[in-house]
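**Q** below are the sequence and a predicted model; questions follow.
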Amino acid sequence: MSDAKTTKWADRPQKAAGAAKRPKKVLAPALAPEAAQKAKEAATKAYINAIGIQEIETAIAENRQQQQIDALKPKKIGRPTKWTQEIEDDICARLSRGEPLRAICRTEGYPEWTTVYGWMESREGFSARVALARENGVEAIAQDTLAMIDAEPRYIEDAKGGTRIDAGYVQWLKLRTEQRMKLLACWSPNRYGNRVQVAGDKDNPLQINIQATEMFDSILKNAEMTRQIEE
């Protein structure tokens, strides 16, 4: 046996002895559930202490306050489509005062104006109520317009310390009344229109009765008189 092999085998006992002296790795046993929970709580407390307990409490309070505010906010829902007698009565009453239907339907909790037209087609008598309410509304608008015209003008102070009628206010009032009268003429032409009607109306049409015999006799008489004058 060579010297190299002898040296190799000679070193083995020493290596084995060195390996025996090294400490063995010991695996930490798994923590019990209670111990794991306590360790988690301890880590949480350490984290809170690190960032400041006051800041954590403030954040929690603000979060709770925001949750309470969000809970009080009304939930957004779509426009109602179910008919109720209360809504129908209110729509007719406000139309009678001259308020437009679309403006009425902007009231919170009211349906779209298209839904109201659907009710007019499906519910018996509702369309007639709306028509009568709109007719009364036209009268209400006319009365309001007359009150605007009869109202006292607005005065302003002039450069000399006196007072004079505000020309801008007069023009604004004139525009309002003119536009209202135009709308009234379109909505109710028989009452507020400027059209000269010679054909009668739908309730009392103009009737022209012609007696053909009398007209023919009159033509003959005129012709005879014309012939005699010429002779």
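**A** Happy to help now that I have it.

**Q** all helices of this structure, in order?
**A** Here the chain has its helices, by DSSP state H, at 3-21, 33-51, 53-72, 85-96, 101-105, 113-122, 126-150, 167-187, 189-192, 212-230.

**Q** okay, and the helix or strand of this structure with the least pLDDT?
**A** Ranking every helix and strand in the chain by mean pLDDT, DSSP states H and E puts helix 3-21 at the bottom, with a mean of 50.

**Q** neighbours around residue 135, how many?
**A** Neighbours of residue 135 under the rule other C-beta atoms under 10 Å: 15. Quick note: C-beta positions are derived from backbone N, CA and C, even for glycine.

**Q** same question, residue 116
**A** When counting by other C-beta under 10 Å, one arrives at 20 neighbours for residue 116.

**Q** and if you look at residue 58?
**A** Neighbour count of residue 58, defined by other C-beta under 10 Å: 11.

**Q** kindly state the pLDDT recorded for it?
**A** Residue 58 carries a pLDDT score of 75 in this model.

**Q** and residue 128, how far from residue 70?
**A** Residue 128 sits 46 Å away from residue 70, taking C-beta to C-beta, to the nearest Å as the criterion.

**Q** how near is residue 177 to residue 140?
**A** Plainly put, residue 177 is 15 Å away from residue 140 if you go by C-beta to C-beta.

**Q** ditto for residue 146
**A** Computed as C-beta to C-beta, the residue 146 to residue 140 distance reads 11 Å.

**Q** those two: which is more packed in?
**A** Each of residue 146 and residue 140 has its neighbours counted (other C-beta under 10 Å); residue 140 has more, 15 against 12.

**Q** measure stretch 72-83 end to end?
**A** 28 Å (C-alpha to C-alpha, to the nearest Å).

**Q** likewise stretch 70-83?
**A** For stretch 70-83, the first-to-last residue distance is 31 Å (C-alpha to C-alpha).

**Q** residue 111 against residue 81, yeah?
**A** Yes. In this structure, residue 111 is within contact of residue 81 by C-beta atoms under 8 Å, at 5.8 Å.

**Q** and these two? Which one has more around it.
**A** residue 111 (20 against 10).

**Q** quick one, phi psi at the more buried one?
**A** Phi and psi for residue 111, reported as degrees, to the nearest 10, are phi -80, psi 170.

**Q** same question, residue 97
**A** Residue 97 has phi and psi values of phi -90, psi 0 when expressed as degrees, to the nearest 10.

**Q** shaky segments in the protein?
**A** Flagging of the chain using pLDDT under 70 yields the residue ranges 1-32, 47-56, 73-80, 195-231.
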